[in-house]
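>>> have a look at this fold, sequence not included:
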């Protein structure tokens, strides 16, 4: 009974299409954002474009999904939006700048 929609969360039009597809399945009650982009290595050696892409997915993508979900949940008058992450957000490890 799940709905799978391929989505580039760093692209506003792609996220809008995701929620339009979800709208056809019924009213939204819960949105869970768990997408991430990651680049590994010492900070002095990281590729800036790879870091930019990771931030686009994790931060900007979270904003885009949250915005689309909020529009629907506010109109509905209830619901939840959850933003989750990996354990790396809680504890550091070598090579994970």
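Looks like it arrived, so ask away. Because the structure is a prediction, the values reported are computed rather than measured.
>>> over the lengthiest helix in the chain, what's the mean pLDDT, rounded is fine.
Counting residues, the longest helix found in the chain (DSSP state H) is helix 61-76. When the per-residue pLDDT values of helix 61-76 are averaged, the result is 98.
>>> what does stretch 8-17 give?
For stretch 8-17, mean pLDDT is 97.
>>> so what touches that stretch?
The contact list for stretch 8-17 (CB atoms under 8 Å, 6 or more residues apart in numbering) reads 5, 7, 33, 35, 37, 53, 56-57, 60-62, 64-65, 68. C-beta: built from backbone N, CA, C; applies to glycine.
>>> weed out the non-buried ones from these.
Buried residues within the contacts of stretch 8-17, counting neighbours by 16 or more other CB atoms under 10 Å: 7, 33, 35, 37, 56-57, 60-62, 64-65, 68.
>>> which SS state does the residue with the largest distance to the centre of the chain fall under?
Outermost residue of the chain with respect to the C-alpha centroid, by CA atoms, centre = their mean, is residue 44; its distance is 26.6 Å. Secondary structure, DSSP: H, G, I helix; E, B strand; the rest coil: residue 44 is helix.
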